[in-house]
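> This is a predicted model, with the sequence first.
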Amino acid sequence: MDSADYIHLAFLKRPELGVTLTKLHCWTLTHYSKCVFLDADTLVLSNIDELFDRTEFSAAPDPGWPDCFNSGVFVFQPSLETHGLLLQHATDHGSFDGADQGLLNSFFSSWSTADIHKHLPFIYNLSSNTAYTYSPAFKRFGSSVKVVHFLGPTKPWNYKYNPQTGSVLEEGSGLANQHQTSFLNLWWKIYQHSILPLYEGFRDEEEHASPGHTAAVEELGAISAVGSSQPWPAEGPVEQTVVTDDIPPSPKGSHAEDTIGWPELETSAGVRCDPLSPPSPPCADSSGTQSTSQPADKAEGGPSPEILEPSQEPPVDVTGDPSPQDALEVDLAMSVFEISIEEKVKELSPEEERRKWEEGRIDYMGKDAFARIQEKLDRFLQ
Ligand SMILES: O=c1ccn([C@@H]2O[C@H](COP(=O)(O)OP(=O)(O)O[C@H]3O[C@H](CO)[C@@H](O)[C@H](O)[C@H]3O)[C@@H](O)[C@H]2O)c(=O)[nH]1
Ligand SMILES: [Mn+2]
C-alpha cells in the first residue's frame, strides 16, 4: 500500500517510505490475539517476550520528536475493525509525514499523554544512528538494550564489511558514533555467521529442486567465484548480490573473529565499559563506580520493572556455535577481504531510462535521487 504522498515524503527526505502504509495490514492478523511489530531494520539482542504483557497501542518515543512514538517497534491487537478505521483515517486525513508513523501517531493520538504504560522504554527501540545521542544515558543503560533500530536512510546492508577486522568500512559512510559502529558490526557478524549459511542451504535445495534455478545459481556463482566458499542467495524479491574482493588476509584476521556480540559492552560480569570512551581506564572506572544491581529508574507499577536492569548475560551469543558454521567462518576469514550486499544495477540506455521515468518508475534512492538531480542542476547552472 503506497501513500503516493510525494510532497510530505519529500519533506521527510524519504521518498521511498510511502509503501510503509503496508504495515497497517498487520491488524488483519486476527488469528493472533496480540502481536509485536518490528521493522525489518531492527536487531533484537535478547528475548523480548515481556512485550506481550503490554496492551495496544504501546511504542517507544521517537528520538526526533519524543511526543510522537516511533513506529518501528509496537505492540498491537489485530482487529479488522481497527484495520478498517486506520484505512478510513488514512483516506480522510492522510498522514503528516506521508508514511505510517505520521498516520499511526495521529490515529493513536492520546499515546503521549493518556497512559504511561503504553510508553515502551527506549531499550526496546534504540535508534543507534540519530545525530543527537545522550552519551551518559547510553553509558548507564546501554548494556540493557534489547532492540536496536537502524532508522534513517542508511541501513546496515548499505555498508561494506571486513570479516577479518569484524568491522564495517567507514570510508565515505560518515559513521556518526562509536556505538552505532558496534551495532553495525554486530548486525554484520550475525549476517555472516547465521544468515549466510542459511542461504547456502537454500541454494542446495534450489539446485535439487529446479534445473531452471540451477542456471541462475551458477551464473551468480561465477560472480562470487572470488570468494571460494561464499554462500549465495539463489534468488529473492529484489535481486541482491554479495560482492567479495579476494585480497590476501591480514595477519590480524584470526584475532578479529573473537570480537562478537557486544564488542565494546562487557555485560557478562556485570561490568559496563563505556563504548564511547577510550579503552582501559574508563572501563575500570565504570566498573568501580556503577552499581550493577540498582536500576536508576524503577518503573513503578509498569508491567516489567526489571527491564532497566543491566542484563547479566550478553544478549546475543553468536560465537558459541561450534557447528559447520565455524568451518565456513574460517574459510571466509581466509578468503574474503570484504563483504557487501549490493543490488545489481543494470545499465540502461537513455531510451530505457526515459521510458522508466514516463512509467513513473523513478529510482528515488539511487541515480534519480533529488540530491543527484540537484547536483546536476548546480553544475549546469554554474
Ligand atoms: O520498500 C520497503 C520499505 C519499507 N519496508 C518496511 O517498512 C519499514 C519502515 O521503513 P524504514 O526504512 O525502516 O523506515 P525508518 O528509517 O525506520 O523510518 C521511520 O519512518 C517510517 C515511516 O513513517 C516508519 O515506518 C519507521 O518505523 C520509522 O522508524 C521497514 O523496516 C520495512 O519493514 C518494506 O518492507 N519495504
Ligand atoms: Mn525502520
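Now that the structure is in, tell me what you want to look at. Ligands and ions are numbered 1, 2, ... in the order given.
> Pull the contacting residues for the residue in the stretch 1-150 of the chain that ligand 2 sits nearest to.
Closest residue of the stretch 1-150 of the chain to ligand 2, Cβ to the ion: Asp39 (3.5 Å). Where you see a C-beta, it was placed from the backbone N, CA and C, and this is true even at glycine. Asp39 sits next to Ser71, Gly72, Val73, His149, Leu151 when contact means Cβ atoms under 8 Å, 6 or more residues apart in numbering.
> what's the closest non-adjacent residue to the residue of the stretch 101-250 of the chain found nearest ligand 2?
Residue nearest to ligand 2 within the stretch 101-250 of the chain (Cβ to the ion): Leu151, separated by 4.5 Å. Using Cβ to Cβ, 6 or more residues apart in numbering and skipping the chain neighbours, the partner closest in space to Leu151 is Ser127 (5.0 Å).
> measure the residue nearest to Lys155 when sequence neighbours are not counted to Ser127 for me?
Counting by Cβ to Cβ, 6+ apart, Asp41 is the residue found nearest to Lys155 once chain neighbours are left out, at 5.3 Å. Distance of Asp41 to Ser127, given as Cβ to Cβ, to the nearest Å: 10 Å.
> Phe69 now?
Phe69 sits 12 Å away from Ser127, going by Cβ to Cβ.
> cool, and Lys356?
For Lys356, the distance to Ser127 equals 34 Å [Cβ to Cβ].
> Which of these two has more residues huddled nearby?
Counted by other Cβ atoms under 10 Å, Lys356 and Ser127 do not tie: Ser127 has more neighbours, with 21 against 14.
> Now do the same for that one: its pLDDT.
If you check Ser127, the pLDDT there is 89.
> Could you do Ile7 as well?
For Ile7, the pLDDT comes out at 74.
> Enumerate every residue touching it.
Ile7 neighbours (Cβ under 8 Å, 6+ apart): Gly98.
> tell me which element it is part of?
According to DSSP states H and E, Ile7 maps onto helix 6-11.
> again, but for Thr82
Assigned by DSSP H and E, Thr82 falls in helix 80-93.
> Helix or strand next in line after that helix, which one?
From helix 80-93, the next helix or strand downstream (DSSP H and E) is helix 100-107.
> Could you see whether ligand 2 lies near that following helix?
No: Helix 100-107 lies out of reach of ligand 2 by Cβ under 5 Å from the ion, never closer than 9.3 Å.
> Helices along the stretch 101-250 of the chain, start to end?
Using DSSP state H, counting those that start in this stretch, the helices found in the stretch 101-250 of the chain span residues 135-141, 178-190, 196-209, 211-223.
> Deepest-packed of those, please.
With neighbours taken as mean count of other Cβ atoms under 10 Å, those reach their highest mean count in helix 178-190, at a mean of 22.
> what is the mean pLDDT for it?
90.
> and Ala114, how far is that from Asp53?
Applying Cβ to Cβ to Ala114 and Asp53 gives a distance of 18 Å.
> ok, which residues in the stretch 151-300 of the chain are in contact with ligand 1?
Leu151, Gly152 (Cβ under 6 Å from any ligand atom).
> what stretches of the stretch 151-300 of the chain score poorly on pLDDT?
Scanning the stretch 151-300 of the chain with the threshold set as pLDDT under 70 gives 171-176, 210-300.
> Now do the domain split for the protein, please.
Annotated domains of the chain cover 3-152, 350-381 [the TED database].
> Could you check how many residues crowd around Lys23?
21.
> so who does it touch?
Phe37, Ser71, Asp100.
> if we can go back for a sec, deepest-packed of the domains of the chain, please.
domain 3-152 (a mean of 18).
> before we move on, the earlier item: mutual contacts of Asp41 and Ser127, please.
Going by Cβ under 8 Å, 6+ apart, residues that sit against Asp41 and also against Ser127 are His149, Phe150, Leu151.
> any chance of these in JSON lines, with distance to Ala137 too?
Listed next are the shared contacts of Asp41 and Ser127 as JSON lines, based on distance: Cβ to Cβ, whole Å:
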{"residue": "His149", "distance to Ala137": "16"}
{"residue": "Phe150", "distance to Ala137": "19"}
{"residue": "Leu151", "distance to Ala137": "18"}
